[in-house]
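Engineer: Prediction below, plus the sequence it came from.
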Amino acid sequence: TGAQLGGAKLAGAKLAGAKLEVADLSEADLTGADLTGACLRKATLIKARGDGACFVGVTADKALFADGSWRGARFDGSSLAEADFSNAELDEAVFDGACLRKLRLYDARASKASFRRADLGDARADAVALLGCVLDEARGDGSVWEGAILDDSSFAGASLNGASFVKAPCLGASFQRAQL
């Protein structure tokens, strides 16, 4: 814990179960790395690259993933409460079943990302581009999507009680069976 790995070249590394709590991984290259079940609680991954990496089942509450590239990365079933992905590239990333409560996703891009059954309660996704995303059966009660672009996204069966969609274009978006 508290490891200083800023700028480390860890592409393809096998780091399953690693204890990286409060670690500094800023600008690290985690492309294609396997961090299944790792602990990244309060870790700093600002400007890091993790395209195609596996973060399945990680605990990364309050971690900073801002300004990084996480295209196609898998975060299924992970705990990312209060994590920050602001200004991040998340195209085709998968967050199915993840705990994303109070997530910060300001000005990020996440086209075709999947958030099926994810808990997005009280999350902030202001000015994020979520084109063609799947948020089916997600729980987003109290979440804020101000200025988010949600065109062609699906919120089928989602719980969005008290959610705010001020100035959020939803052209072609589906809200079938959603609770608003």
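Structural biologist: Cool, the structure landed. Numbers count the residues shown, from 1 in each chain.

Engineer: A53 is in contact with S78, correct?
Structural biologist: No: counting by Cβ atoms under 8 Å, S78 stays clear of A53, with 11.8 Å between them. All C-beta atoms are positioned from the backbone trio N, CA, C, and that covers glycine.

Engineer: and E27, what does it touch?
Structural biologist: Neighbour list for E27: G6, G7, I46, K47, A48 [criterion: Cβ atoms under 8 Å, 6 or more residues apart in numbering].

Engineer: For the third one, which non-adjacent residue is closest in space?
Structural biologist: Think I46. S26 (4.7 Å; Cβ to Cβ, 6 or more residues apart in numbering).

Engineer: Point me to the helix or strand that includes that neighbour.
Structural biologist: Per DSSP states H and E: S26 is located in neither a helix nor a strand.

Engineer: circling back to that earlier point, dump the contacts of E27 into a markdown table; add neighbour count as well.
Structural biologist: Formatted as a markdown table, the contacts of E27 follow (neighbours: other Cβ atoms under 10 Å):
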| residue | neighbour count |
| --- | --- |
| G6 | 16 |
| G7 | 13 |
| I46 | 19 |
| K47 | 19 |
| A48 | 29 |
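
Engineer: of all those, which two lie farthest apart?
Structural biologist: G7 and I46 (11.4 Å; Cβ to Cβ).

Engineer: what sits in contact with each of those two?
Structural biologist: Joint contacts of G7 and I46 (Cβ under 8 Å, 6+ apart) are S26, E27.

Engineer: pLDDT value on the residue nearest to I46, please?
Structural biologist: Residue-level confidence at S26 comes out at 98, pLDDT.

Engineer: do the same with P169
Structural biologist: pLDDT, read off for P169, is 95.

Engineer: surely A168 meets A148?
Structural biologist: Yes: with contact defined as Cβ under 8 Å, A168 reaches A148; the gap is 4.6 Å.
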